[in-house]
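In: Compute the structure for the input listed below.
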Amino acid sequence: MPLVETAFAFAGNPAAVMILEKFPADDILFKISREFNLSETAFIVPKYEGSTHEFHLRWFTPTAEVPLCGHATLASSHVLFTQMTEKQRQSGPLRFHTLSGELSVEFKTAAPEKLSTRNEMSLPELVMTPDLSIDRNVLCDAFGITENQILFVGSCHWGVLVEIDASTTPLHAIKPNFKAIASVNASAILLATQCGTDLHGEYDFISRMFAPNLGVNEDPVCGSAHSVLAHYYANKLNKSEFKAFQASARGGEIHVVYDAVAGRVRIAGDAVTVSKGVIYM
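Out: Residues are numbered from 1 along each chain as shown. So this is what the prediction gives:
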């Protein structure tokens, strides 16, 4: 079931979602993911027989299983909520058991005529610490920027965050060198800028996310990246609610709320069904 993280078809970040009775062998999951050839494919299994609100959830790129994926979690919740009655939707959040712990998603609104829903998920914060071991020259080559434009470089188990001053090189205009990006020892590289230094002044920050080492050159709209950005910009801007934009070719707007006490990030997003089908295994 391919979906996109948007209220409109053919925009946002596409994901495929499969509901299974049980997980097949990992090599089968990889084959299915490569068949869809999207940035992520989500596989859902009920936690127990008859479960309507509690599931196991795994995410695969064409080449790797990833520990956290926001947009495919929203897509998964969309698929499940569209199969429910209104009473079931309002009876409580969905709970997904994942490699990153338990994730919850609440139903917000639906537009049945568009086959779309808006849902809000809660993800763990991801904290970047400054990392001087990453070669700035490689980053300059990767993004066509100068070292003076680099404001911060940090890393965590998720990947690398690079904040830049984009006043001379707007983020959306950067032409990435994927070979150079892949040479950095990281699953993903997140490029971000505060919007006072870019064209999109209506947003708090904008970003782009690259993961060639996971088989995804650029992720159109990445939910988990905003678990990084929410913590980082909450400390930098001294605020907890953000309107953000991911400046990929497809692009997408994200509404983010950071809860410093709980260490959680709430992300609201729309999803729409664009096709359904059956896979014979």
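In: Only C-alpha atoms from now on, for both contacts and neighbour counts.
Out: Fine.
In: Can you name the element that comes right after the least confident helix or strand in the chain by mean pLDDT?
Out: Ranked by mean pLDDT, DSSP states H and E, the helix or strand of the chain with the weakest confidence is strand 2-4, at a mean of 43. Scanning the chain past strand 2-4 towards its C-terminal end, the next helix or strand to appear is strand 14-19 (assignment: DSSP states H and E).
In: mind listing the strands for the stretch 101-250 of the chain?
Out: Along the stretch 101-250 of the chain, counting by DSSP state E, counting those that start in this stretch, strands occupy 101-111, 116-124, 129-130, 150-156, 159-164, 189-194, 205-211, 216-219, 241-246.
In: Include mean neighbour count and distance to His71 when you put those into JSON lines, please.
Out: Converted to JSON lines, those look like this (neighbours: other CA atoms under 10 Å; distance: least, CA to CA, whole Å):
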{"stretch": "strand 101-111", "mean neighbour count": "17", "distance to His71": "12"}
{"stretch": "strand 116-124", "mean neighbour count": "23", "distance to His71": "10"}
{"stretch": "strand 129-130", "mean neighbour count": "14", "distance to His71": "24"}
{"stretch": "strand 150-156", "mean neighbour count": "18", "distance to His71": "20"}
{"stretch": "strand 159-164", "mean neighbour count": "22", "distance to His71": "17"}
{"stretch": "strand 189-194", "mean neighbour count": "23", "distance to His71": "16"}
{"stretch": "strand 205-211", "mean neighbour count": "24", "distance to His71": "13"}
{"stretch": "strand 216-219", "mean neighbour count": "21", "distance to His71": "10"}
{"stretch": "strand 241-246", "mean neighbour count": "20", "distance to His71": "12"}
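In: Adding distance to Lys47, write the ones you listed out as CSV.
Out: Formatted as CSV, those follow (distance: least, CA to CA, whole Å):
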stretch, distance to Lys47
strand 101-111, 12
strand 116-124, 19
strand 129-130, 35
strand 150-156, 30
strand 159-164, 30
strand 189-194, 33
strand 205-211, 30
strand 216-219, 29
strand 241-246, 33
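In: So Leu171 sits against Ala247, correct?
Out: Yes. Here Leu171 reaches Ala247: they are 7.1 Å apart, a contact under CA atoms under 8 Å.
In: Those two: who's more crowded?
Out: For Leu171 versus Ala247, neighbours defined as other CA atoms under 10 Å are more numerous around Leu171 (26 against 21).
In: Just the pLDDT at the more buried one, thanks.
Out: As summarised for this prediction, Leu171 has a pLDDT of 94.
In: same check, this time on Pro112
Out: If you check Pro112, the pLDDT there is 74.
In: Please report how far it lies from Lys87.
Out: Note on Pro112: its distance to Lys87, by CA to CA, to the nearest Å, is 15 Å.
In: what sits in contact with each of Leu171 and Ala247?
Out: Common neighbours of Leu171 and Ala247, counting by CA atoms under 8 Å, 6 or more residues apart in numbering, are 206-208.
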